[in-house]
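In: Sequence plus the predicted model coming up.
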Amino acid sequence: MIEFDSVSKTYPGGTQAVTDFCLTIPSRSVTALVGSSGSGKTTLLRCVNRMVEPTSGRILIDGEDVADRDPVELRRSIGYVMQQSGLLPHRTVLDNVTTVLRLVGMGARDARERGLDMLRTVGLPHELAGRYPHQLSGGQAQRVGVARALAAKPNIVLMDEPFGAVDPIVRAELQEETRRLQAELETTIVFVTHDVEEAFALADQVVILRTGGLIAQCGTPAEILANPADAFVQNFVGLGGPRRQLHLEIEDGRTVVRSADGRLMGVLGDREFPS
């Protein structure tokens, strides 16, 4: 479990990125932080692994303040996936996947076996292991980034708009793959995106942020769509204007999100409408 306890962050120059943010992220679930630029979502994400230090407040992982942990050890224990994969260009795919494994002391043979297993897990053939990042497609590179983040079997994975640079078809495939992996590995995922449809497709808990990290609404996708907290949320999720009219339907036991013209916008799995 991850707990944000009155977290605030002011950057040099006086920019207030986050103000008194409180949130509990349940274990073995996917929480999406969604908002436009300036909402503080990436700042909050990076506070979890101390890439950003909060100005005040605490972040607890299973009751332990992350400020009490060595930042290098903390980052190695938490998976991190970023936009455009962040792969090391001069290292092979397999070497990229096994980077953290070698840093924590795993032997070369065991690291190789684990790396190849992770490539299979994210749907990549072993033939790619010896290639370099520039020889991969965008979707392949992002899958390698996910494999690297999961290789050390972390309890927590942070994902910072990881699919924003790939085309819509690949993006949908990666979203589906992320949900499959999370269910299989029972990992806690914190996912940052500006795309509310992506948040609804991926997350058990969606947190819609206003400027400065203020929570506009927190709930399941079905709860938010059925009962938006206010006009801001209503407009943000596309229920309050011509940009996009979304509604929920039950199809084959799944709750799906469709636009006004009937186009499928996302699948909420087996969640029911809130009472």
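Out: Okay, I see it.
In: What residues of stretch 215-223 count as buried?
Out: 216, 217, 218, 219, 220, 221, 222, 223 (16 or more other Cβ atoms under 10 Å). The C-beta positions use only the backbone N, C-alpha and C, and glycine is treated the same way.
In: for the residue nearest to the third one when sequence neighbours are not counted, phi and psi?
Out: Counting by Cβ to Cβ, 6 or more residues apart in numbering, the nearest residue to residue 218 once its immediate chain neighbours are dropped is residue 207, at 4.8 Å. The phi and psi values for residue 207, taken as degrees, to the nearest 10, are phi -120, psi 110.
In: Begin at 600 from now on, thanks
Out: Sure, I'll start counting at 600 from here, so that last one is residue 806.
In: tell me the average confidence for the longest helix along the chain?
Out: Using DSSP state H, we find that the single longest helix of the chain is helix 767-784. Average pLDDT, helix 767-784: 85.
In: Quick check: phi and psi on residue 723?
Out: Per degrees, to the nearest 10, the backbone of residue 723 is at phi -110, psi 140.
In: residue contacts, the residue nearest the centre of the chain?
Out: Residue closest to the average C-alpha location in the chain (Cα atoms, centre = their mean): residue 790, at 1.8 Å. The contact partners of residue 790, by Cβ atoms under 8 Å, 6 or more residues apart in numbering, come to 629, 630, 631, 632, 758, 777, 798, 801, 802.
In: Which ones among those residues lie within helices?
Out: Using DSSP H, these in helices are 777, 798, 801.
In: In CSV, list the residues you listed along with neighbour count.
Out: Formatted as CSV, these follow (neighbours: other Cβ atoms under 10 Å):
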residue, neighbour count
777, 24
798, 26
801, 25
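In: same for the longest helix of the chain, what does it pack against?
Out: strand 629-633, helix 737-749, strand 787-792, helix 795-801 (3 or more Cβ pairs under 8 Å, 6 or more residues apart in numbering; DSSP states H and E).
In: Tell me the spacing between the residue in the chain sticking out farthest from the centre and residue 723.
Out: Residue distances from the centre of the chain (Cα atoms, centre = their mean) peak at residue 708, which lies 30.4 Å from the mean C-alpha position. Distance, residue 708 to residue 723, by Cβ to Cβ, to the nearest Å: 20 Å.
In: do the same with residue 745
Out: Residue 745 is 10 Å from residue 723, by Cβ to Cβ.
In: quick one, which of these two is more surrounded?
Out: Legend: neighbour count by other Cβ atoms under 10 Å for residue 745 and residue 723, higher for residue 745 (27 against 21).
In: ok so, going back, hang on, the residue nearest to residue 817 packs against residue 632?
Out: Yes: the pair residue 806 / residue 632 is scored as a contact, 5.2 Å apart, by Cβ atoms under 8 Å.
In: More neighbours: which of these two?
Out: residue 632 (29 against 25).
In: Need the per-residue pLDDT for the residue lying closest to the more buried one once chain neighbours are set aside.
Out: Once flanking residues are discounted, residue 632 sits nearest to residue 640: 4.1 Å by Cβ to Cβ, 6+ apart. pLDDT for residue 640: 93.
In: Residue 640 touches residue 631, doesn't it?
Out: No: counting by Cβ under 8 Å, residue 640 stays clear of residue 631, with 9.1 Å between them.
In: Residue 821 is in contact with residue 803, correct?
Out: No: contact criterion Cβ under 8 Å: residue 803 and residue 821 do not qualify, at 10.6 Å.
In: What strand or helix carries the residue lying closest to residue 829 once chain neighbours are set aside?
Out: Among residues not flanking residue 829 along the chain, residue 815 sits closest, at 7.1 Å (Cβ to Cβ, 6+ apart). When elements are assigned from DSSP states H and E, residue 815 belongs to strand 814-818.
In: average pLDDT across that strand?
Out: On average, strand 814-818 scores 95.
In: again, but for stretch 828-846
Out: Rounded mean pLDDT across stretch 828-846 is 74.
In: I'd like the distance between the spatially closest residue to residue 729 that is not a sequence neighbour and residue 837.
Out: Once flanking residues are discounted, residue 729 sits nearest to residue 691: 5.4 Å by Cβ to Cβ, 6+ apart. Distance, residue 691 to residue 837, using Cβ to Cβ: 43 Å.
In: cool, residue 660 as well?
Out: In terms of Cβ to Cβ, residue 660 sits 34 Å off from residue 837.
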